[in-house]
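**Student:** starting from these lines, generate the structure:
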Amino acid sequence: MISHARLIPMTEQEYLDFEMKSPERHEYVAGEVFAMVGASRAHNQISGNVYTLLRSLARKKGCEAFINELKVRIRPARAYYYPDVVVTCTQNDSDPYVISQPVLIVEVLSPSTEAIDRREKLLAYRQIESLKEYLIVAQDRVWAAVYRRDEAGGWWQDVIEDPEAEFELETVGLGITLSQVYEGVRLCET
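**Tutor:** Numbering: from 1, shown residues only. Now for the predicted structure:
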């Protein structure tokens with residue numbers, strides 16, 4: 001059987017209106033809308049652990065941390081994504097559903113989204129002027145990478161594989177280990 005459907009691009013406003021009424025979440029890239037898939041327990045626990053570690057430090061620095069349900073707008077890419085954790089530090093970021101000026105974004109890699117998180121989203125997120133760090137975390141093994149913007153606007157990558165090696169999320173001054181990130185998590189087999 002062959003199914004045939006016409007793809008009709010949406011404007012950003014049409015997407016935002018559609019998303020407010022939809023029971024499912026969708027991401028938006030340059031007029032195209034993509035349904036979000038569900039997350040595993042490991043994915044959810046890792047996101048929760050990172051959020052818990054970030055939340056109080058973010059507040060002490062005058063920032064806010066959010067988990068899962070808020071969109072991040074990437075104006076130059078004409079895109080909206082739902083990161084697993086996002087931190088913003090400006091009072092100007094006041095839209096109740098969209099973060100436009102994040103300083104830190106965290107994505108937990110899923111088998112279905114790993115290529116998107118490591119390429120498409122990395123390239124898109126780096127276009128956000130306020131973004132200082134992008135943390136990606138595997139859910140099938142103990143592994144993470146932190147991408148950081150330097151003062152000259154260049155980006156650097158640190159890969160972390162040692163569960164006890166402390167690394168810092170400089171935007172909130174948080175020194176953490178992968179043991180903390182993966183606390184209580186049974187890794188997913190892919």
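
**Student:** how far off centre is the worst-scoring helix or strand of the chain on mean pLDDT?
**Tutor:** Counting by mean pLDDT, DSSP states H and E, the chain has its least confident helix or strand at helix 114-115, which shows a mean of 83. Relative to the centre of its chain, helix 114-115 is centred 13 Å away, using CA atoms, centre = their mean, to the nearest Å.

**Student:** what is the subsequent helix or strand relative to that helix?
**Tutor:** Toward the C-terminus, helix 114-115 is succeeded by helix 121-125 as the next helix or strand (DSSP states H and E).

**Student:** what helices or strands is that following helix leaning on?
**Tutor:** Where contact means 3 or more CB pairs under 8 Å, 6 or more residues apart in numbering; DSSP states H and E, helix 121-125 is packed against strand 71-74, strand 79-81, strand 133-137. The C-beta positions use only the backbone N, C-alpha and C, and glycine is treated the same way.

**Student:** in the longest one, what counts as buried?
**Tutor:** So the one you mean is strand 133-137. 133-137 (16 or more other CB atoms under 10 Å).

**Student:** just checking, what packs against the longest helix anywhere in the chain?
**Tutor:** Scanning the chain for the helix with the most residues, using DSSP state H, yields helix 41-60. Secondary-structure packing of helix 41-60 (3+ CB pairs under 8 Å, 6+ apart): strand 64-67, strand 85-88, strand 102-108, strand 133-137, strand 174-176, helix 178-181.
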